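S.K.: Provide a 3D model corresponding to the input given below.
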Amino acid sequence: MRHLITFLFLVVSLSAQAQESGKLFIASGGNFNDLTDFVTVGFFEDPNYTVIDTIFTQAVQDVLIDSVFAYVAAVDSLIKYDLSTGQRVKSIQIDPSASFKSLYKLEVYQDKLFACKWFADNARFIEVYDKNDLSLISDSLPGIDKQAQGMAITSDGTAYISQNETTPNFADTLGVIKIVDLNDMSLVGEFELTDRTEAFGDIYLMDDVVITLNGGDKTIIAFDIENQSADIWPIENMGVALSGSYYGARSQMLDNQLYYITDSGVAFFDFDSSTINEVVNEVDSPTAFAVNPVTKSVFVSKTDFSTYGTGEYYSESGELISTVDIGIAPEAMAYDPNSIIALALNTLNKDIQLEMYPNPTVNYLNVFTDFEATAYKVVDLNGRILKDGLVENHLKFEILTNDLNQGYYTLILFDKEGKAAAEHFIKQ
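M.R.: Modelled structure (predicted):
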C-alpha cells in the first residue's frame, strides 16, 4: 500500500486556551422523546458556547463546513448558515413525499451538495442539491439502491459511496463500495470490502486508498484501489458509538491519522506506523468529537439523550481545559477552518517576510522568504491539505498550482524547528 508522506510540524505554537481555540460549530438534537425540545445550533469558543438558532425538528445527523458556510442535516431538513454572521441563509424540507425522513451524511463537490440517507422508502438514497440555494438538482445517483452511510470524493469528482443493507437492529450487512463519476453522474464501478461489513459506514480517501471503519467487528479496512488488495487492522478500543445504531461526528481523518471515538474518549490510528494512540481516555460515555486540525486539541461531547448534554475540551496531550453545557444530544460538530486559518495568520508573519507571485496565479507560484523553509503545505478554506512537499532551495522556490481548482488557498511554510509562516493566494 502506498501511504501519504506527511510532515509532522506544528502549524503554529498555539495555547489551547480562550480565544485561541478556534470556532467549533455544534448541532444538538435535543430530547427526542419531548416533542417541544428541538435542535439547537451554536458556536463553541473556549470557554463559551453560544446558541445561534433553533431548528424545529427532533434530531440532527451531520454538519458540513464548506468555505464560509455550514450545512446542517437534521432528519427532514437541510439548513445553510453563514459562518461569519451565524445567520441562517436558507432552509428546506427534504423529500416531502417520503413517509420516513432519514438524512445521514452530507458531502460537497463543486456547486453540488450531496445528501446521503440511512433509509429511503422511495429509493432516493442520495439527493443532489445546488449548494448555493439548496434547490433540488436530482433525487438520486445512478446505481445507489441501498442506504448510503458514507461518501468520499476525490478532487476530480470520483465518489466512493458505502452501500449497506439495514437490518431491524440497525446493523449494516452488505459492505459494497459504489464508484460514481460526479461530473457526468455515471456509475463507473463497484467493489466489496471482504465480509467484515457490520456497521460499515464512515469512509475516507488517503491518496489511492479507500479507508472504512467497521464498528460491528471493530476493524479498519484500507483498500488499495489500484492493486485491488485490502489491509485489515483490528481496533479493539472502538467505542459503541461506532456501531450501526449511532450517527454524528464519530471519526475524523487528519493527514494520515484516523481519529475515532472509544468508550472512554478519543484515539487515532496512525497509518505510517500502524499503531493506536489514545488522546483522551477519561470521558464517561462519549457521544461525538472534533479535533482542531491546527492545535490537535479535542472537543468531546457526552449525553444521555434525554436530560443533559455537555462538552469537554482537551489539549493535544489529553489535559482537560474546560467543560461546557451544549444542549441534549450534541452529535454533529465541525471546526470552522476560517477561524483557525485567521488565528494562524494573526500569530504568524510577525517577523518573517513571505512574498509570492503571480497572485492570483494559474500554473505556478514563485515563493520568496527570509527564513529557511524546509517544507510547505497548501490548505483550502475547508482546512484540507491539498499539496505538501519538501523545500530544497530554502529562500526561493516554485510551487506548481495547475492541479488546483479555482479558489482561495493558504500557503504555510515550515522550518526545521517547526516555526511557520503563512500567506493567502488565489488560483484562477
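S.K.: let me see the contact set for the most centrally placed residue in the chain.
M.R.: By Cα atoms, centre = their mean, the chain has its centre lying nearest to Q252, at 5.7 Å. If you count contacts by Cβ atoms under 8 Å, 6 or more residues apart in numbering, Q252 has them with L258, Y259, Y260, F289, A290, V291. Using the backbone N, CA and C atoms, a C-beta is placed for each residue, glycine as well.
S.K.: what lines up beside the helix or strand it falls within in the sheet?
M.R.: Element membership for Q252 (DSSP states H and E) is strand 251-254. Neighbouring strands of strand 251-254 in its sheet, by DSSP bridges, are strand 257-261 (antiparallel).
S.K.: flag every buried residue along the helix or strand just after the strand it pairs with.
M.R.: For strand 257-261, the following helix or strand on the C-terminal side (DSSP H and E) is strand 266-270. Across strand 266-270, burial judged by 16 or more other Cβ atoms under 10 Å covers V266, A267, F268, F269.
S.K.: check stretch 297-309 too.
M.R.: For stretch 297-309, the neighbour count (16+ other Cβ under 10 Å) marks S297, V298, F299, V300, S301, K302, T303, F305, G309 as buried.
S.K.: what average pLDDT does that stretch get?
M.R.: In this model, stretch 297-309 has a mean pLDDT of 94.
S.K.: out of the helices and strands in this protein, which is least certain?
M.R.: Least confident helix or strand, the chain: helix 337-347 with a mean of 66, by mean pLDDT, DSSP states H and E.
S.K.: returning to what we had before: can you tell me how far the residue nearest to the centre of the chain is from R384?
M.R.: Here the distance between Q252 and R384 works out to 12 Å (Cβ to Cβ, to the nearest Å).
S.K.: on that earlier part again, quickly name whichever of the buried residues of stretch 297-309 is closest to N31.
M.R.: N31 lies nearest to F305 out of the buried residues of stretch 297-309, by Cβ to Cβ, at 7.1 Å.
S.K.: pretty sure I328 is one of the things the closest one touches, is it not?
M.R.: Yes - the criterion here is Cβ atoms under 8 Å, and F305 meets it with I328 at 6.6 Å.
S.K.: intersection of neighbour lists for the two?
M.R.: Contacts common to F305 and I328, judged by Cβ under 8 Å, 6+ apart, are G29, N31.
S.K.: residues making contact with whichever helix or strand comes after the least confident helix or strand of the chain?
M.R.: As assigned by DSSP H and E, the chain's next helix or strand after helix 337-347 is strand 354-357. With contacts defined as Cβ under 8 Å, 6+ apart, strand 354-357 is touched by L365, N366, V367, F368, T369, L411, L413, A421, A422, E423, F425.
S.K.: low pLDDT regions in the stretch 101-250 of the chain?
M.R.: 101, 119-122, 166-174, 194-199, 241-248 (pLDDT under 70).
S.K.: same thing but 50
M.R.: 168 (pLDDT under 50).
S.K.: gap between stretch 360-377 and the chain center?
M.R.: 27 Å (Cα atoms, centre = their mean, to the nearest Å).
S.K.: switch to numbering from 494
M.R.: Sure, I'll start counting at 494 from here, so that last one is stretch 853-870.
S.K.: and it, which residues are buried?
M.R.: T854, L858, V860, T862, F864, A866, T867, A868, Y869, K870.
S.K.: my guess is the fourth one contacts L888. True?
M.R.: Yes - under the criterion of Cβ under 8 Å, T862 is in contact with L888, at a separation of 6.1 Å.
S.K.: what about dumping the CA coordinates of stretch 873-884 to CSV?
M.R.: Extracted in CSV, the C-alpha atoms of stretch 873-884 (Å, rounded to 0.1, in the frame of the first residue of the first chain):
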residue,chain,number,x,y,z
ASP,A,873,-8.1,25.2,1.2
LEU,A,874,-10.9,27.0,3.0
ASN,A,875,-12.2,23.7,4.4
GLY,A,876,-8.9,23.1,6.2
ARG,A,877,-7.9,20.3,3.8
ILE,A,878,-4.3,19.8,2.9
LEU,A,879,-4.2,19.6,-0.9
LYS,A,880,-0.5,19.8,-1.6
ASP,A,881,2.6,19.4,0.6
GLY,A,882,6.3,18.9,-0.1
LEU,A,883,9.9,19.4,0.9
VAL,A,884,11.8,22.6,0.0
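S.K.: how much space separates D873 from L599?
M.R.: Taken as Cβ to Cβ, the span from D873 to L599 is 17 Å.
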